[in-house]
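Trainee: output the structure for:
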Amino acid sequence: MAVAVGERLLIAKERATARYVGAVEGHDGTWVGVEWDDASRGKHDGSVGGKRYFTCQSAAPTAASFIRINKVSQGTSLVGALVLRYTNQLAEGQAAGDGQVYIHAGGKSKINFRLVGEDQVTQHQSRIDLLTSGRLVGANVSHVGPPGALATTAASLTQLDLTDNLVGSWSTVTDICQQLPNLQLLVLSHNKLSLPNSVDEARQQGAVQLPGLRCLVMNSCSITWQQVGVVQSYLPNLQELHVGANNISSLAVDLNHRQHDVGVPSSQLAGFMSLQILGLEDNKISAWCEVMRLAGLPSLKRLHLSGNPISAIRYPTYSVPPTALLQQQPPTVDPDEAPPAASSNTSQQQQQRPFPVLEALLLGGCQISSWSDIDQLNRFPALRECRLSGNPLFTAEGGYGGAGRRYEVIGRVGRLTLLNGADVKPRERRDSELRYIMYISADAAEAEAAGQPKQSEEETAASHPRLPELQAKYGKLSAVGVRSAQAGTTISATTAQINLLHGSKSISKKLPRTMTVSALRLLCGRLFKLPADQLVLRLVPKDGGGSPQQQQQQQQQEGEDISQDDTKTLKY
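Mentor: Below you'll find the predicted structure:
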């Protein structure tokens, strides 16, 4: 039995990585020095009896152990796991050895049953050569199997999920892709991967071009962005890449070129240049200048950054070349700062608007706390979808009560059609933009009533960059129902008590006088579980009394239909 350093191993159902293979002073035989995935299982850190045999990646003092070589398992082959999984030899709920399928019926009793069509399903699944999608989660797959066996057994596979296995090297990935020429999607999440750190190291490991792979998922694989940058150069047609939860903080890549903006072969950035979807969720990226390294990727349409400690968003007015990924210093993040002088060798094709085709930017659960950052989103030329939930700006602690300012995001970002997973339909956009304009007017009126200096149009536009565009679209709307010196400053002066009636159901609400009829219709739709766009609202003065049924009759007979003017407010 031969064990290689770096190989992933299974030891009594626990997983580890081989860090040393050889003799140990004072002990007979061959030993394998392992670093446990669970660092609490070990006894030392790779040093025994004053002699260091290996160094662990973990800083834990008990991450390592020595195991006799005959006590370690090298896992199973991909070919063997496919055969077991797709011939139902070890189907879930099957008793080993009796070929029967049963369910537990309480206590130790079992009920045997037979699946309808089981023979046909088993016969079809046993044709692994026809299988196009394979899923082997937690199957302890560590290697491919005999040379050529995978190509013979499952040549039709286009999708393969190897989540939570023992795959440990890029050479194994290369072997899989070479034997499966039709493979387009490969999931390797929760495998501790040891990827090459440089182009030279990749060549030494036999890395070759893998033109068939379109989507690669490596979440929670303990890899670095530098390693990602090396392997992408071997994936010229990569369209989707997910590397979430890998503790990535910098997006700089060193591909052994000292003059990074001059003479970099296009093949070195092939995977990044074709990339359309990039998932970087739950990493450690905090500086927006690191995100700006991606701004020159010409095909990037979706960027997932949720769960990173990003606190600011910036969109500069100047172009960023794709080679920003290779520069030691990230691009500047000040949108008003002049860019560094472009090299005369940088092609015109490389000079373009930042994020030219980015349609979706996911920033949920970050640290955004300023509306000026939301304004920056309106500068992205193709942005249609955004996720912002879970940021301090939209939490109760931030003073905005969760989703209460959805309308303001829509008002500030003009091209959004999907916000926090919900469609922004034309009617909601119109209502939100009108409400946003009135909010700005109300804010100005309150400041003036409080004796504060009146802002100039330039100052107001600086705080609300879309305001001139919206005023050109809707005209200048005055603040209706806002606090003023004459109206007083109490809550009662800015709210109205409204009784909402539908059928036998009556709901009393204290609502802001600035609420529009359109917003009231949406509220009634939610409260009464009715389609808001079909509701007719009638206004009845509160002087009739009686039961809800009597009030409804009065509403039908005397109520004024206020549904025709969506911009009308409760002040009316």
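Trainee: stretch 210-229 spans what distance, first to last residue?
Mentor: 15 Å (C-alpha to C-alpha, to the nearest Å).
Trainee: what is the rounded mean pLDDT of that stretch?
Mentor: Averaged over stretch 210-229, pLDDT sits at 97.
Trainee: now do the buried residues in it.
Mentor: Of all the residues in stretch 210-229, those buried under the rule 16 or more other C-beta atoms under 10 Å are 210, 212-229. For glycine as for every other residue, the C-beta is placed from the backbone atoms N, C-alpha and C.
Trainee: show me the shaky parts of the stretch 401-550 of the chain.
Mentor: Counting by pLDDT under 70, the ranges of the stretch 401-550 of the chain that qualify are 401-404, 477-494, 541-550.
Trainee: go with 90
Mentor: Counting by pLDDT under 90, the stretch 401-550 of the chain contains low-confidence ranges at 401-405, 435, 438-462, 474-550.
Trainee: got the residue ranges for the strands in it?
Mentor: 418-419, 422-423, 495-502, 505-512, 538-539 (DSSP state E, counting those that start in this stretch).
Trainee: any idea which of those is most buried?
Mentor: strand 418-419 (a mean of 18; mean count of other C-beta atoms under 10 Å).
Trainee: let me see the residues that make contact with that strand.
Mentor: For strand 418-419, the external contacting residues (C-beta atoms under 8 Å, 6 or more residues apart in numbering) are A360, R384, E385, C386, R387, L388, R406, V409, I410, V424.
Trainee: quick revisit: what about the buried residues of stretch 210-229, which are in strands?
Mentor: C215, L216, V217 (DSSP state E).
Trainee: for stretch 356-363, output the C-alpha coordinates as PDB.
Mentor: The C-alpha atoms that make up stretch 356-363 are tabulated as PDB, following Å, rounded to 0.1, in the frame of the first residue of the first chain:
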ATOM      1  CA  PRO A 356     -20.000  46.700 -18.600                       C
ATOM      2  CA  VAL A 357     -22.500  43.800 -18.600                       C
ATOM      3  CA  LEU A 358     -23.100  43.100 -14.900                       C
ATOM      4  CA  GLU A 359     -26.800  42.500 -14.400                       C
ATOM      5  CA  ALA A 360     -27.000  41.100 -10.900                       C
ATOM      6  CA  LEU A 361     -25.100  42.200  -7.800                       C
ATOM      7  CA  LEU A 362     -25.800  40.300  -4.600                       C
ATOM      8  CA  LEU A 363     -24.700  42.100  -1.400                       C
END
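Trainee: sorry, back to before: any chance of the strands of the stretch 401-550 of the chain in CSV, plus distance to L160?
Mentor: As requested, the strands of the stretch 401-550 of the chain are arranged in CSV below (distance: least, C-beta to C-beta, whole Å):
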stretch, distance to L160
strand 418-419, 31
strand 422-423, 34
strand 495-502, 54
strand 505-512, 54
strand 538-539, 61
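Trainee: so which of those gets nearest R430?
Mentor: R430 lies closest to strand 422-423 among the strands of the stretch 401-550 of the chain, at 14.1 Å (C-beta to C-beta).
Trainee: show me how far the closest one is from its chain's centre.
Mentor: With C-alpha atoms, centre = their mean, to the nearest Å as the basis, strand 422-423 stands 17 Å off its chain's centre.
Trainee: and what of stretch 502-521?
Mentor: That offset, for stretch 502-521, works out to 36 Å (C-alpha atoms, centre = their mean).
Trainee: ok, now stretch 51-67?
Mentor: Once both centres are worked out by C-alpha atoms, centre = their mean, stretch 51-67 turns out to sit 34 Å from its chain's centre.
Trainee: quick one: end-to-end distance for that stretch.
Mentor: Stretch 51-67 end-to-end distance (C-alpha to C-alpha) = 17 Å.
Trainee: what's the answer for stretch 61-70, then?
Mentor: End-to-end span of stretch 61-70 (C-alpha to C-alpha): 25 Å.
Trainee: low-confidence ranges in the stretch 151-300 of the chain?
Mentor: Using pLDDT under 90, the stretch 151-300 of the chain drops low at 205-206, 255-268.
Trainee: the helices in it, which residues?
Mentor: Secondary structure of the stretch 151-300 of the chain (DSSP state H, counting those that start in this stretch): helices at 170-179, 199-204, 225-232, 270-274, 288-291.
Trainee: out of those, deepest packed?
Mentor: Note that of the helices of the stretch 151-300 of the chain, helix 225-232 is the most buried (mean count of other C-beta under 10 Å), with a mean of 23.
Trainee: mind checking how far Q367 is from P309?
Mentor: 5 Å (C-beta to C-beta, to the nearest Å).
Trainee: the more surrounded of these two?
Mentor: A count of neighbours by other C-beta atoms under 10 Å puts Q367 above the other of Q367 and P309, at 16 against 13.
Trainee: for A312, see how far away that one is.
Mentor: Using C-beta to C-beta, we find Q367 at a distance of 9 Å from A312.
Trainee: same question, H44
Mentor: Following C-beta to C-beta, the distance that separates H44 from A312 is 44 Å.
Trainee: circling back to that earlier point, just the ones in strands among the buried residues of stretch 210-229 now: which is nearest V21?
Mentor: L216 (30.1 Å).
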